[in-house]
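J.: What would the 3D arrangement of this be:
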Amino acid sequence: MSWHPVLPSQAIRAANDIVAGFLHGEELALWRSVDGVAQAWENRCPHRGTRLTLGRILDGKLSCAYHGWEFEADSAACSRIPAQPDAAVPQGVCVKTWRAAEVQGMVWVSSRAIETAAPVLAEREEQQFCRSLSVRVTGEAGRPRLLAQGFVAAEPGVWRGVLADVPVLIYLNEARADWSMLHLFTRRADDVAAVVKASRRLRGTMEEGA
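T.: Numbers count the residues shown, from 1 in each chain. Sure thing, here's the model as predicted:
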């Protein structure tokens with residue numbers, strides 16, 4: 001699977017927040033352009049490597065906290081260097097980016113450089129997002145622990161099973177070396193509360209012996 005849920009849409013307010021996220025070991029800076037489009041960038045300024053989540057949004061551009069370099073939404077190209085206002089910005093200075101799309105209240109990020117969102121994510125539109133869980137196990141350890149709970153691999157990174165007698169899908173994001181993110185979805189909105197309650201027990205079971 002090339003598209004992965006990263007965090008709830010509501011975690012990023014339009015043209016205001018810069019939020020950290022993770023995609024299989026890659027640290028991301030997630031934010032919105034002035035028109036509300038989600039941006040998924042590497043959380044690293046190409047100038048001195050400062051985390052972009054420490055910066056701020058100025059006139060629709062992401063400004064790095066260290067030297068104030070400003071980067072354009074969508075293209076991620078540097079468009080202004082405050083310390084050199086009269087000098088031309090060097091060509092090719094830009095932040096590494098990923099494709100982002102929003103479906104069912106979640107921001108999804110593509111692990112491929114070029115990806116078309118609509119056809120790939122169309123089948124996700126019938127899913128109801130339940131909750132995200134941070135689990136203190138690596139993805140390598142998380143996979144057999146999901147198997148032990150009766151889940152089966154539906155496709156790479158996606159697990160199918162039952163919680164509280166409700167069929168669910170779990171998207172396993174191996175965020176960092178020491179922890180993973182689980183994003184839970186179900187088919188019916190009426191089942192969300194039961195899945196949320198049962199997910200707490202799932203996390204505890206998966207972390208046993210970690």
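J.: Could you check which helix or strand contains the residue in the chain sticking out farthest from the centre?
T.: What lies farthest from the middle of the chain is residue 86; by CA atoms, centre = their mean that is 36.9 Å. According to DSSP states H and E, residue 86 maps onto no helix or strand at all.
J.: wait, isn't residue 62 in contact with residue 42?
T.: No - using CB atoms under 8 Å, residue 62 is not in contact with residue 42, being 11.6 Å away. (Glycine included, C-beta is placed from N, CA and C.)
J.: which residues do these two both contact?
T.: 29, 52, 95 (CB atoms under 8 Å, 6 or more residues apart in numbering).
J.: which among those residues gets closest to residue 68?
T.: Of all these, residue 68 sits closest to residue 52, with 12.1 Å by CB to CB.
J.: where does residue 74 land in three-state SS?
T.: coil (DSSP: H, G, I helix; E, B strand; the rest coil).
J.: ok, the nearest residue to it once chain neighbours are set aside to residue 172 distance?
T.: Sequence neighbours aside, residue 33 is the residue nearest to residue 74 in space, at 6.6 Å (criterion: CB to CB, 6 or more residues apart in numbering). The spacing between residue 33 and residue 172, counted by CB to CB, to the nearest Å, is 29 Å.
J.: the more surrounded of the two?
T.: residue 172 (22 against 17; other CB atoms under 10 Å).
J.: Just after the host helix or strand of that one, pick out the following helix or strand.
T.: Secondary structure assignment for residue 172, by DSSP H and E: strand 166-173. Next along the chain after strand 166-173, taking DSSP H and E as the criterion, comes strand 180-186.
J.: Might you calculate how far stretch 198-210 sits from the centre of the chain?
T.: 22 Å (CA atoms, centre = their mean, to the nearest Å).
J.: now could you export just the CA positions of stretch 37-49 as PDB?
T.: What follows is the C-alpha trace of stretch 37-49 in PDB, where atoms were taken according to Å, rounded to 0.1, in the frame of the first residue of the first chain:
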ATOM      1  CA  VAL A  37      -4.600  22.100   1.500                       C
ATOM      2  CA  ALA A  38      -2.600  19.800   3.700                       C
ATOM      3  CA  GLN A  39       1.200  19.800   3.200                       C
ATOM      4  CA  ALA A  40       3.500  16.900   4.200                       C
ATOM      5  CA  TRP A  41       7.200  17.900   4.200                       C
ATOM      6  CA  GLU A  42      10.400  16.500   5.600                       C
ATOM      7  CA  ASN A  43      10.800  18.000   9.100                       C
ATOM      8  CA  ARG A  44      14.200  19.400   8.200                       C
ATOM      9  CA  CYS A  45      15.200  22.800   6.800                       C
ATOM     10  CA  PRO A  46      17.600  22.300   3.800                       C
ATOM     11  CA  HIS A  47      19.700  25.200   5.100                       C
ATOM     12  CA  ARG A  48      20.900  24.000   8.500                       C
ATOM     13  CA  GLY A  49      18.700  21.000   9.200                       C
END
